[in-house]
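Student: Take this sequence and fold it.
(one chain, ligands or ions: 3)
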Amino acid sequence: RSSLKIGLIPADGIGKEVIPAARTAIEALGSDIPKPEFIELLAGWETFTRYGVALPEETVKILRSDCDCALFGSVSSPSRKVIGYSSPIVALRKELDLYANIRPVVSVAPEAGQTPAVDLVVVRENTECLYVKQEEQIITENGKEARATRLITERASRRIGKMAFDLALERQRKHLTIIHKSNVLSVTDGLFRETVRKVHTFPDAEGKYDSVSVMEQLVDSAVYRLFREPEVFDVMVAPNLYGDILSDAAAALVGSLGLVPSVNAGDDFVMGEPVHGSAPDIAGKGIANPIASIRSAALMLRRLGYTKGADRLDTAVDQVIREGTTLTPDLNGKSSTTEVLDAVLKKL
Ligand code: NAD
Ligand code: K
Ligand code: MN
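Tutor: Numbers count the residues shown, from 1 in each chain. Ligands and ions are numbered 1, 2, ... in the order given. As a prediction, the model looks like this:
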């Protein structure tokens, strides 16, 4: 590649503050990556209020045809149903078939060379479970009744399972925990559990995964264990909703949601995205932590094979966290988004 075309979708709230910071950090990588070209794209609640659509067709079209990868910020979704509105990030993950959401959670600032207490990756299935959003409400003689469909397919469970096994193989501990609740949801979670387990023994696996140790844990006790002994977890693979909740919980262990990055990955596209939302409580104040987004940019670059650029971003961020003098308020610091970005740029 002579250039790297990156779609930028800041969307709402602090997305508009942290995605530009990630952009500047990428630009500072110079010749370690192909020359980046940024294409700004619309999506989100504000886009909906202006144009009546949360995910313009144009955005999807340009991502598909013109972009090598993308960075997404965060959307503000109303908590009540608004006619015509549907979360653009959920739609984008589906449109681009970004079936895995990979969320590494690593402890803040272990001394250089020291093993961090928390060093895990949540691999979240990204296209189904309750996020198919098939909900209905009916009126019965006893009042309102609401139902939702929870979809688990063998196909989606198998490919997320493979992704998780492949990630486990790359890691030192090579340990995989399957998260489910099949003691209660024996049909849906039962299928997820069984399918992921089988990846190990697929004929086409040809012993590839033999070095991965597989454990399983019910989702509720997994959260308990996560808080008591997070060091037992390495790679955790989970259906969509459990993965969403587990990764926010794990973020609390490492100090802030503002630190935790992710990539939405499929077989032919990758989109970096901080795990956090649009944070309306701090939006517009210039104090959002840009680290989750800078790390998301690093994850995106790493998946595209630009290891050196990714390493440089991660190392710079680690140094800033370890020094502890330039941090945003979520990490008990006094610095602004821009000051943290500047500190990262200095380390680059
Ligand atoms: P949130 O992640 O936006 O915020 C939770 C808490 O973490 C808040 O106190 C916030 O200030 C803090 N926080 C989050 N990111 C931070 C950062 N980078 N720096 C400093 N502090 C940070 O979750 P919420 O408040 O439950 O949701 C707010 C909105 O975001 C909702 O409309 C929700 O639908 C949306 N949301 C979007 C996504 C997404 O874009 N994928 C994900 C989660 C929530
Ligand atoms: K987000
Ligand atoms: Mn979430």
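Student: residues contacting the residue of the stretch 151-300 of the chain found nearest ligand 1?
Tutor: Minimum separation of the stretch 151-300 of the chain from ligand 1 (C-beta to the nearest ligand atom) falls at Gly277, amounting to 2.4 Å. From N, CA and C alone the C-beta is placed, and that goes for glycine too. Counting by C-beta atoms under 8 Å, 6 or more residues apart in numbering, Gly277 touches 13, 74-76.
Student: That one should be in a strand, yeah?
Tutor: No: read with DSSP: H, G, I helix; E, B strand; the rest coil, Gly277 is coil and lies in no strand.
Student: wait, what's in contact with the residue nearest the centre of the chain?
Tutor: With distances taken as C-alpha atoms, centre = their mean, Ser262 lies nearest the centre of the chain, 2.9 Å away. Ser262 makes contact with 101-103, 247, 272-275, 296, 299, according to C-beta under 8 Å, 6+ apart.
Student: name the element Glu136 belongs to?
Tutor: strand 135-140 (DSSP states H and E).
Student: Parallel or antiparallel, list what pairs with the following helix or strand past that strand.
Tutor: Once strand 135-140 ends, the next helix or strand along the chain (criterion: DSSP H and E) is strand 143-148. Strand pairing for strand 143-148, determined by DSSP bridges: strand 135-140 (antiparallel).
Student: Average pLDDT for the strand it pairs with, rounded please.
Tutor: Average pLDDT, strand 135-140: 95.
Student: got it, and stretch 271-287?
Tutor: The average pLDDT for stretch 271-287 rounds to 98.
Student: Contact partners for whichever residue of the stretch 1-150 of the chain sits closest to ligand 2?
Tutor: In the stretch 1-150 of the chain, the residue that lies nearest ligand 2 is Ser74 (3.8 Å; C-beta to the ion). Ser74 is in contact with 11-15, 273-274, 276-279, counting by C-beta under 8 Å, 6+ apart.
Student: What separation do you get for it and Lys16?
Tutor: 9 Å (C-beta to C-beta, to the nearest Å).
Student: Most neighbours among the contacts of Gly277, which one is it?
Tutor: Counting neighbours by other C-beta atoms under 10 Å, Ser74 leads those with 28 neighbours.
Student: any idea how far it lies from Ala11?
Tutor: 6 Å.
Student: got any residues that touch both of the two?
Tutor: With C-beta under 8 Å, 6+ apart, Ser74 and Ala11 have common neighbours Ser278.
Student: pLDDT below threshold where in the stretch 51-200 of the chain?
Tutor: Scanning the stretch 51-200 of the chain for pLDDT under 70 picks out 109-114.
Student: Show me what from it comes close to ligand 2.
Tutor: Ser74 (C-beta under 5 Å from the ion).
Student: which residues sit in contact with Ala164?
Tutor: 123, 176, 196, 235, 237.
Student: Can you lay out those residues as CSV showing distance to Asp204?
Tutor: Output for the contacts of Ala164, formatted as CSV (distance: C-beta to C-beta, whole Å):
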residue, distance to Asp204
Val123, 20
Leu176, 18
Val196, 15
Val235, 20
Val237, 19
